[in-house]
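Visitor: what's the 3D shape of this:
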Amino acid sequence: MLARDFGLSLDGYLKMLGQQGRSAHTLSAYGRDLTELVRLLTEGSSETAQDLKRRDFVAALKRLSQQGLSERTLARKLSAWRQYCGWLVQSGMMDNDPTFNLKAPRLPERLPKALPQEELNHMLDSAPADDSLAVRDHALFELMYGSGLRLSEIHGLDLGDVLLDEGWVSVTGKGRKERQVPLSGKSVESLRAYLSERVAADGETALFTGKNGTRLGQRQIQKRLQAWAVRQGSGQHISPHMMRHSYASHLLQSSRDIRAVQELLGHSNLSTTQIYTKLDFDHLAKVYDEGHPRAKRKK
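Guide: Numbering: from 1, shown residues only. From the prediction side, this is the model:
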């Protein structure tokens, strides 16, 4: 494929991703990264009519690296490049994939943050419910921790998704994949209290609504959680993502069933879930010390 033609199919590619159920945020990020790549390829070539080679993509990646971008950002951009080139090859518009086996910078391992079990449970048990907003927020936060839902999943819940008598919530996750997740007893209790006071505009189906009766926004949920954490005396910033991490790590510590935790979280790949096993090294070391015959030291 010629350098000058590389971006001609970008709109069609983004349209295809949208039809696959990718979020507006994902489409916007892919569009930015690929538009930037088109610019780098054309600026970096003296002749836009020349065939694209692997070295052109290596040079583009090097130019981005020289801008001081983080390794994580570079890896994300390269992932978008690979997927677009793979689609072009599959569609017959490119003979071979110049990004094949192109290495992204090595990412530093980042373990997810999780709150201590006792601290988080104490905060939830002592949460005030002195007005309708506090009752709603309590139900929100119980559901975050009790079922490990993503912020986008919480935001997208409708009334019909929550089956209180059966103890399940139906969730639409990434890529519009649906799964059922158990509700904790505390979640059921707090949701019943909230639903008796829920305010809703005409025709509004959202489970969680604001003062005006319309769906509660994601940013509003984040702000309410942080404000609640401050009132509860937490000394650190608490995000919906941290609540999900806490759910995953605490559940894995208790169950030791990584496959089950993978299903509950809605992870497509087990490797995504396996990072939580590293959070529990102290426990595993204790089990080893107590159980392995060669680990016991003479007194």
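Visitor: Please, where are all the helices along the stretch 151-299 of the chain?
Guide: 151-155, 185-195, 218-231, 240-255, 258-265, 270-274, 281-291 (DSSP state H, counting those that start in this stretch).
Visitor: got a pLDDT number for the residue nearest to the spatial centre of the chain?
Guide: The centroid of the chain falls nearest to Arg150 when counting by CA atoms, centre = their mean (6.4 Å). As predicted, Arg150 sits at a pLDDT of 87.
Visitor: Ok, Ala80 next?
Guide: Listed pLDDT for Ala80 reads 91.
Visitor: helix, strand or coil for it?
Guide: helix (DSSP: H, G, I helix; E, B strand; the rest coil).
Visitor: in terms of contact, does it touch Asp33 like I think?
Guide: Yes: shown here, Ala80 and Asp33 form a contact pair, counting by CB atoms under 8 Å, at 4.2 Å. For every residue, glycine as well, the C-beta is placed using N, CA and C.
Visitor: about what we covered before: worst mean pLDDT among the helices of the stretch 151-299 of the chain?
Guide: helix 281-291 (a mean of 58).
Visitor: Now that we have the helices of the stretch 151-299 of the chain, can you turn them into TSV and tack on mean neighbour count and distance to Glu71?
Guide: Below are these laid out as TSV (neighbours: other CB atoms under 10 Å; distance: least, CB to CB, whole Å):
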stretch	mean neighbour count	distance to Glu71
helix 151-155	20	25
helix 185-195	18	38
helix 218-231	15	26
helix 240-255	20	20
helix 258-265	17	25
helix 270-274	13	18
helix 281-291	10	24
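Visitor: Quick one: closest of these to Asp130.
Guide: helix 218-231 (11.4 Å; CB to CB).
Visitor: quick one on the thing from earlier: show me what contacts the residue nearest to the centre of the chain?
Guide: Counting by CB atoms under 8 Å, 6 or more residues apart in numbering, Arg150 makes contact with 173-174, 240-241, 244, 266.
Visitor: do you know how far it is from Arg32?
Guide: Arg150 sits 22 Å away from Arg32 when distances are taken as CB to CB, to the nearest Å.
Visitor: from what I can see Asp161 touches Arg179, true?
Guide: No: in this structure, Asp161 is not within contact of Arg179 by CB under 8 Å, at 11.3 Å.
Visitor: what's the overlap in contacts for these two?
Guide: Common contact partners of Asp161 and Arg179 (CB under 8 Å, 6+ apart): 170-171.
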